[in-house]
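In: With the input below, show me the fold.
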Amino acid sequence: MNDLFLRIDFWIGVALACLIKVKASPRLGIINAILTIAIAIGAALVLTGPVLEWRSLSSSWAPAVAALVALTFEHAARQVLDMKLLDIIKAWRGKA
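Out: Predicted structure coming up:
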């Protein structure tokens, strides 16, 4: 994971993924946009290494995997932010 902090291609992949998702979501406010980008970057930093190992991929795939992880978690964060608190509780309990 420490290696990812230093790789410019990793950051380019994550930045492009975040830019695409934010531009494709015009109804996001500035706070929600910042939150979803932070979640996307955090997920990419934490999960890119494990996904590479799990799929037995070389580190040259890190930018693509990071972009996919960032896109996935940004979307999930946006879906949760769009929900009401009661809907989140029902989904958490499996009753939605």
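
In: what about the spatially closest residue to Ala91 that is not a sequence neighbour, how many residues close to it?
Out: Closest residue to Ala91 apart from its sequence neighbours, by C-beta to C-beta, 6 or more residues apart in numbering: Met83 at 7.3 Å. Heads up, the C-betas are built off the backbone N, CA and C, glycines and all. By other C-beta atoms under 10 Å, 13 other residues sit near Met83.

In: and the gap between Met83 and Arg93?
Out: Using C-beta to C-beta, to the nearest Å, Met83 is found at 14 Å from Arg93.

In: can you pull the pLDDT of Phe73?
Out: Confidence at Phe73, expressed as pLDDT, is 93.

In: so where's the chain uncertain?
Out: When the per-residue scores of the chain are filtered using pLDDT under 70, the ranges that remain are 1-2, 4-5, 96.

In: what ranges do the helices span in it?
Out: For the chain, the helices defined by DSSP state H occupy 2-6, 8-23, 30-54, 62-82, 85-93.

In: For these, state which one has the densest average packing.
Out: For the helices of the chain, ranked by mean neighbour count under the definition mean count of other C-beta atoms under 10 Å, the leader is helix 62-82 at a mean of 19.

In: follow-up on the earlier one: torsion angles phi and psi at the residue nearest to Ala91?
Out: Reported as degrees, to the nearest 10, the phi and psi values for Met83 are phi -80, psi 160.

In: if I look at it, how far off is Arg7?
Out: Spatial separation of Met83 from Arg7 under the definition C-beta to C-beta is 34 Å.

In: ditto for Ile89
Out: Applying C-beta to C-beta, one obtains 39 Å for the distance of Ile89 from Arg7.

In: for Ala43, same thing?
Out: The gap separating Ala43 from Arg7 is 17 Å, by C-beta to C-beta.

In: Now do stretch 77-94: distance from first to last residue.
Out: With C-alpha to C-alpha, to the nearest Å as the measure, the ends of stretch 77-94 fall 18 Å from one another.
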